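Trainee: Quick one, structure for this:
(2 chains)
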Amino acid sequence: MVNFTQYMISGLSAGSLYALVALGVVLIYRSTRILNFAHGDMATMGTFFAFSLLSWRFPFYLALPLSLLFGALLAVVFYFSIIVPAQRRDATLLGQIALTVGLSMIFQGAMIYVWGTDSKMLAFPLSDTKTWNVGPIYLNELSLGTLIVGILGSILLYLLIQKTRLGLAMRATSENLPAAQTLGIPTRTILATSWGLAALLGVLAGLFLAPALILDPFFMLEPFLKGFAGAILGGLNSLPGAIIGGLLIGIIENLCGGYISLEFKNTVPFLIIILVLLFKHEGLLGKEFKERI
Amino acid sequence: MSLLKVNNLTVQFGGIKALSAIDFEMEEKEILSIIGPNGAGKTTLFNCVSGVYRPTGGEVLFAGESLIGLSPDRIAQRGIGRTFQNIRLFNNMSVLDNLMLGRHMKFRRSLLHAFLRIRKEELIHREKVEEIIDFLDLAAYRESRVIDCPYGVQKRVELGRAMVMEPKLLLLDEPVAGLTVEEKNRVAYLVTEMRGRFGFAVLLIEHDLRIVSRLADRMVVLNFGEKLAEGPPAEVQRNPEVIRAYVGETS
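Mentor: Purely as a prediction, here's the structure:
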């Protein structure tokens, strides 16, 4: 029972970050139907930017928002300079997805060029060696902070989408783009905002993952794929689904890692992708779009 | 100056001419109907005016300014609202949210206001929306999800969503298609009221000649992408070419 609780806590903590990653994937997918394969690399770029800021002795409370903005800006620039022109030339959806794969390569190359491939230490204010005992259970500062940030981020996004006018315009744009345009909603700006927001969530996840993992140009690959698995599990076009899917992936992988074997831990998310696609391809909360246009 | 001036408008899809050299003008508060058999280019014409298609040639002037090359959202902001032949609503939202979205561009534009739903401003827009809800008799469906509403109601919601934008020109693509006779008469009445009470000019596509000739001040007849005739309904309906192309076919 103690072990179980311990696994659940680590699972929830990791899962809350996967949820942030999944939210980013879903935000873009449901408004544009593009699967953004550069999502992880956008997050890594933002995290490296924070690393540089911190090594230039910026205080953390400044480096955090600046790197979030940097990530968002990268995504917005990519949207306007690559995706929009591609759409003007009638690029297919698959073509646009291929563009994100290309962008991922470009980002990786750029990061290797600027920061090198050796692993870095991010000067992070929370540490995973500072622990508390609550009865027989260990809690560490980092995973507690991670959990709080993951949940807070999800709630803020939820409020933004459900309760603000911008959110209403975002929902309208993803549900029916031509209709939204007819109402004078500037859909390009709205979509750019979605891209920016998605990248911002990715960087936030990256910042909290870097201290636990090792910061190098490829460190987000695994979390990205797990967030992606979470997005598929939750249903690719459902934001609540992304949160639940991400959390579930975190919990399941930690339970499997604990009870079966640690080696098995990283395989589980991919087994889940396969099972979902075979047996419930619309995911837990997803709705199939019959037609879009 | 006319409200809408379409000049030499031509649209080509590959080798097919969907519209060739169409000309017509529309005055403020006028009700003008575009009629013609299926495939005549009526919806293509709408799509050019509302910015969905970019015409191959010609001009579309709205209140003296060219609309060519503007995106649909910009054109909407200039004061042109539209409905679609196959209804395009936000199916998973309530009727009220659909209508509020029609007010979206009337809200003050600033970053702060995008994030907050300011109570006072929201109330002003709610008032307008409620006025349209009353006008279209939608009160009973206010909180219903659009997808749960009957077809006739969905048609009216789409009409309402365009109306709350307070456009100068309203484009209605087959507003009575698929409705019962009773509902058709009701929508016909609403369209004339729109002009009378709200002062919109209405450009509408319609197949039901009986309804159209009662509603429209003038008609433009299209056939295979060309303008066949233009004028008051009674006159157009006597035009032998029109009878051959359109009326003769259907009755």
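Trainee: so where is the stretch 151-293 of chain A shaky, pLDDT-wise?
Mentor: Counting by pLDDT under 70, the stretch 151-293 of chain A shows low-confidence ranges at A:287-293.
Trainee: In which helix or strand does residue 230 reside?
Mentor: You didn't say which chain, so I picked chain A. Counting by DSSP states H and E, the element that carries A:Gly230 is helix A:221-234.
Trainee: look at chain B instead
Mentor: Here B:Glu230, judged by DSSP H and E, is contained in strand B:226-231.
Trainee: Going by neighbour count, which residues of the helix or strand following that strand are buried?
Mentor: Once strand B:226-231 ends, the next helix or strand along the chain (criterion: DSSP H and E) is helix B:233-238. Residues of helix B:233-238 classed as buried: B:233, B:236-237 (neighbour count, 16 or more other C-beta atoms under 10 Å in any protein chain shown). From N, CA and C alone the C-beta is placed, and that goes for glycine too.
Trainee: Return the list of helices and strands in contact with helix B:233-238.
Mentor: In terms of contacts (3 or more C-beta pairs under 8 Å, 6 or more residues apart in numbering or on different chains; DSSP states H and E), helix B:233-238 is packed against helix B:209-215, strand B:218-223.
Trainee: how far does that helix sit from the chain's center?
Mentor: 23 Å (C-alpha atoms, centre = their mean, to the nearest Å).
Trainee: Residues contacting that helix, please?
Mentor: B:33, B:209, B:212-213, B:216, B:218-219, B:221, B:229-230, B:242-243, B:247 (C-beta atoms under 8 Å, 6 or more residues apart in numbering or on different chains).
Trainee: Check stretch B:213-231 too.
Mentor: B:11, B:17-24, B:30-37, B:39-42, B:44-45, B:188, B:191-192, B:204, B:206, B:212, B:232-234, B:236-237, B:239, B:241-242, B:245-246.
Trainee: how long is it from one end to the other?
Mentor: 11 Å (C-alpha to C-alpha, to the nearest Å).
Trainee: hmm, back to that, work out the sheet partners of the strand holding B:Glu230 and label each with its direction, please.
Mentor: Sheet pairing of strand B:226-231 (DSSP bridges) gives strand B:218-223 (antiparallel).
Trainee: buried ones in the top helix by length along chain A?
Mentor: Assignment by DSSP state H gives helix A:2-32 as the longest helix of chain A. By neighbour count on 16+ other C-beta under 10 Å, the buried set for helix A:2-32 is A:6-32.
Trainee: Does that helix reach chain B?
Mentor: No - Helix A:2-32 stays clear of chain B (C-beta under 8 Å from any C-beta of the partner chain), getting no nearer than 11.7 Å.
Trainee: The most centrally placed residue in chain A: what's its closest spatial neighbour, skipping adjacent residues?
Mentor: For chain A, A:Val21 is the residue whose C-alpha lies nearest the centre (C-alpha atoms, centre = their mean; 1.4 Å). Take A:Val21 and drop its neighbours on the chain: the residue closest to it by C-beta to C-beta, 6 or more residues apart in numbering or on different chains is A:Gly227, 2.6 Å away.
Trainee: what's the answer for A:Cys256, then?
Mentor: Nearest to A:Cys256 is A:Val268, by C-beta to C-beta, 6+ apart, at 4.7 Å.
Trainee: And A:Met42, by the same measure?
Mentor: A:Ala199 (4.5 Å).
Trainee: Wait, a helix at that neighbour?
Mentor: Yes - assessed with DSSP: H, G, I helix; E, B strand; the rest coil, A:Ala199 lies in a helix.
Trainee: unless I'm mixing things up, it is touching A:Phe70, no?
Mentor: No - under the criterion of C-beta atoms under 8 Å, A:Ala199 makes no contact with A:Phe70, lying 9.0 Å away.
Trainee: between these two, which one's more packed in?
Mentor: Using other C-beta atoms under 10 Å in any protein chain shown, the more surrounded residue of A:Ala199 and A:Phe70 is A:Ala199, with 31 against 21.
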